[in-house]
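In: next input, structure requested:
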Amino acid sequence: MSGPLAGILGIFAMLAGLFLLRIPAAFVMAMVGFVGFALLTSFSAALGMIGTEIWNLFSSYGLTVIPMFILVGEIVFYAGYNDNLYNAAHRWFGRYRGGLAVTTIIASAAFAAICGSNTATAATMGAVALPAMKKFHYHPVFNAGAVAAGATLGVVIPPSVVLIVYGLYTGQSIGKLFFGGVIPGMLLVCFMVLTVFILCRRKPGWGPRGPASSLKEKLGALPEVLDIVVLFGIIMAALFTGWVTATEAAAVSAVMATVLAFLRKKLTLKGFIDSVTDTLRISCMVFMIIVGAVIFGRFLTLTRLPFEAAEWIGSLSLPHGAVLAAILLFYIIGGCIMDALAFLLISLPIFYPLVLGMGYDPVWFGQVVTIATTLGSITPPVGICCYIIHGMAREIPLTDVFRGGLYYIPSYIVVMAILMLFPYGTVLFLAELVR
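Out: Down below sits the predicted model:
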């Protein structure tokens, strides 16, 4: 059996394990990768590969950045900063038609700037926003769609766990990836807000106006979000200046988040213990996905499938833009059927060499592919954010939640198009300023 054919069979075996046997992505990637490697070499060589890869992975100092940033998000969650963010945004935007939906998106963006996870953002902001919009008689489709779409910002806006893993896997600077994601994240927020206004103009009854707040009330709500602004500013400033590494910036922000939460009496001892427990659980899940992806990636490398695919596509003499569009379409579809992080790590060994061979910047590609895979979080059949929202508001049918999320798909498409047309102005300009 030829190497590329073995790689194709391995991919089909992995997909069968995922969707037919319902094996978690981390374990099915590891099993298929190990078995495939053993068949192409030997059992002892496969064991040696696993031992070497796991040791190299978990002895990496840079990997500690993941639990540190996750801990920051968990501390912020258990300290209840989500309520402060939502209340402050509501004071400023609640009086407009669809204002609560705008409030949800902006508050989600602010929470995402610390959290880095779409599922955590969905659960956190959903608990605050869903009852509030129901109270003001927002249409269920409009209500659920705004929360689900806003939750996806947790992956796009830095610090993002997906961008961290992408940087570790590809060897790119996490600081450059974070700053490269600032403008794409802001663009996505702006187009989501624009979507809300367009929907309210077409369907005025979906988002009634809320009560107006005085200027004193608006200004009085700003100190409530000061801690989040300080934490985000410290993370980005430290990375921008190059004074500290990404891991050190994450550790400092985790300590500061804990100290601030305790000093302001927002975090109890039980809340701190729960945040550490959740951090361990989420970090273990992320690490297992990385391990499985690395093992599967070594198998694919051995089959030479990524290189054969790159050579084959190159021989077609297609425009690079057409090839990139096909790759992004593949990522959009893949993000619809499995976890974005797992799919990203499975596909990088195949597409990353091809993209570099076409001359695209790896930092820019990380931003585009993150947005493309994140789109799957609000699209059927495995839109994880939609399932979380449905679980928190059982009275809203799952079909309505997905329907609400679909209204925001054009926002993603437009942002990806802008990034493709203006790569330097949207991503590389800020990324190249990082020392």
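In: buried residues in stretch 346-355?
Out: Judged by neighbour count using 16 or more other CB atoms under 10 Å, the buried positions of stretch 346-355 are 346-352, 354-355. Every residue, glycine included, has its C-beta placed from N, CA and C.
In: and of these, the nearest to Phe142?
Out: Nearest to Phe142 among those, counting by CB to CB, is Ser347 at 33.6 Å.
In: so what does the host helix or strand of that closest one touch, helix or strand wise?
Out: In this structure, Ser347 sits in helix 340-357 according to DSSP states H and E. Where contact means 3 or more CB pairs under 8 Å, 6 or more residues apart in numbering; DSSP states H and E, helix 340-357 is packed against helix 25-40, helix 161-170, helix 269-303, helix 305-315, helix 320-337, helix 362-374.
In: now do 6 Å
Out: helix 269-303, helix 305-315, helix 320-337, helix 362-374 (3 or more CB pairs under 6 Å, 6 or more residues apart in numbering; DSSP states H and E).
In: dump these to CSV, plus distance to Thr121 and mean pLDDT.
Out: As requested, those are exported to CSV (distance: least, CB to CB, whole Å; pLDDT from 0 to 100):
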stretch, distance to Thr121, mean pLDDT
helix 269-303, 13, 83
helix 305-315, 33, 69
helix 320-337, 17, 80
helix 362-374, 11, 90
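In: make CSV from those and add mean neighbour count and distance to Pro131 to it.
Out: What follows is those, written out as CSV (neighbours: other CB atoms under 10 Å; distance: least, CB to CB, whole Å):
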stretch, mean neighbour count, distance to Pro131
helix 269-303, 19, 21
helix 305-315, 16, 48
helix 320-337, 17, 29
helix 362-374, 25, 26
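In: make a markdown table out of the buried residues of stretch 346-355 and add distance to Met125.
Out: Output for those, formatted as a markdown table (distance: CB to CB, whole Å):
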| residue | distance to Met125 |
| --- | --- |
| Ile346 | 29 |
| Ser347 | 29 |
| Leu348 | 30 |
| Pro349 | 34 |
| Ile350 | 34 |
| Phe351 | 32 |
| Tyr352 | 32 |
| Leu354 | 37 |
| Val355 | 33 |
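In: pLDDT of the helix holding Ser347, averaged?
Out: Over the span of helix 340-357, the pLDDT mean works out to 79.
In: buried ones in stretch 3-19?
Out: For stretch 3-19, burial by neighbour count (16+ other CB under 10 Å) applies to 3-4, 6-8, 10-11, 14, 17-18.
In: among those residues, which are in helices?
Out: Judged by DSSP state H, the buried residues of stretch 3-19 include 3-4, 6-8, 10-11, 14, 17-18 as members of helices.
In: show me the contacts for Phe136.
Out: Residues counted as contacts of Phe136 (CB atoms under 6 Å, 6 or more residues apart in numbering) are 208, 210.
In: same thing but 7 Å
Out: Phe136 makes contact with 100, 208, 210 under the criterion CB atoms under 7 Å, 6 or more residues apart in numbering.
In: pLDDT at the first one, what is it?
Out: The score at Leu100 is 81. That number is its pLDDT.
In: likewise the second one?
Out: Pro208 carries a pLDDT score of 78 in this model.
In: next, it: phi, psi?
Out: Main-chain torsions, Pro208, degrees, to the nearest 10: phi -60, psi 160.
In: and for it, the neighbour number?
Out: By other CB atoms under 10 Å, 16 other residues sit near Pro208.
In: from Thr374, how far off is the most centrally placed residue in the chain?
Out: Centroid check for the chain by CA atoms, centre = their mean gives Val155 as the closest residue, at 2.0 Å. Counting by CB to CB, to the nearest Å, the separation of Val155 from Thr374 is 5 Å.
In: what sits against the closest residue to Pro67 other than its chain neighbours?
Out: The shortest distance from Pro67 to any residue other than its chain neighbours is 4.1 Å, reached at Ser283 (CB to CB, 6 or more residues apart in numbering). Contacts of Ser283 were listed using CB under 7 Å, 6+ apart, and they are 66-67, 70.
In: okay, and Tyr96 sits in which element?
Out: Using DSSP H and E, no helix or strand contains Tyr96.
In: cool, and the one 5 residues further on?
Out: For Ala101, the enclosing helix or strand under DSSP H and E is helix 99-115.
In: and the next helix or strand after that helix, what does it pack against?
Out: Next along the chain after helix 99-115, taking DSSP H and E as the criterion, comes helix 118-135. Where contact means 3 or more CB pairs under 7 Å, 6 or more residues apart in numbering; DSSP states H and E, helix 118-135 is packed against helix 65-78, helix 81-93, helix 99-115, helix 140-151, helix 153-156, helix 384-392.
In: list the buried residues of helix 118-135.
Out: Buried residues in helix 118-135, counting neighbours by 16+ other CB under 10 Å, are found at 118-126, 128-130, 132-133.
In: what angle separates it from helix 362-374?
Out: Per axes from the mean of the first three to the mean of the last three CA atoms, to 10 degrees, the angle that helix 118-135 makes with helix 362-374 is 50 degrees.
In: for helix 118-135, which outside residues touch it?
Out: 73, 77, 82-83, 86, 100, 104, 107-108, 111-112, 115, 143, 147-148, 150-155, 374, 377, 384-385, 388-389, 392-393.
In: give me the mean pLDDT for that helix.
Out: When pLDDT is averaged along helix 118-135, the result is 76.
In: need the CA coordinates for it. CSV is fine.
Out: The C-alpha coordinates for helix 118-135 follow below in CSV (Å, rounded to 0.1, in the frame of the first residue of the first chain):
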residue,chain,number,x,y,z
ASN,A,118,-16.5,30.4,22.9
THR,A,119,-18.2,27.7,25.1
ALA,A,120,-17.4,29.6,28.3
THR,A,121,-18.5,32.9,26.7
ALA,A,122,-21.8,31.2,25.6
ALA,A,123,-22.5,29.8,29.1
THR,A,124,-21.5,33.0,30.9
MET,A,125,-23.3,35.6,28.8
GLY,A,126,-26.2,33.3,28.1
ALA,A,127,-27.0,33.2,31.8
VAL,A,128,-27.2,37.0,31.9
ALA,A,129,-28.6,38.0,28.5
LEU,A,130,-31.2,35.3,27.8
PRO,A,131,-33.5,36.3,30.8
ALA,A,132,-32.9,40.0,30.2
MET,A,133,-34.0,39.9,26.5
LYS,A,134,-36.9,37.6,27.4
LYS,A,135,-38.0,40.2,30.0
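In: cheers, nothing more for now.
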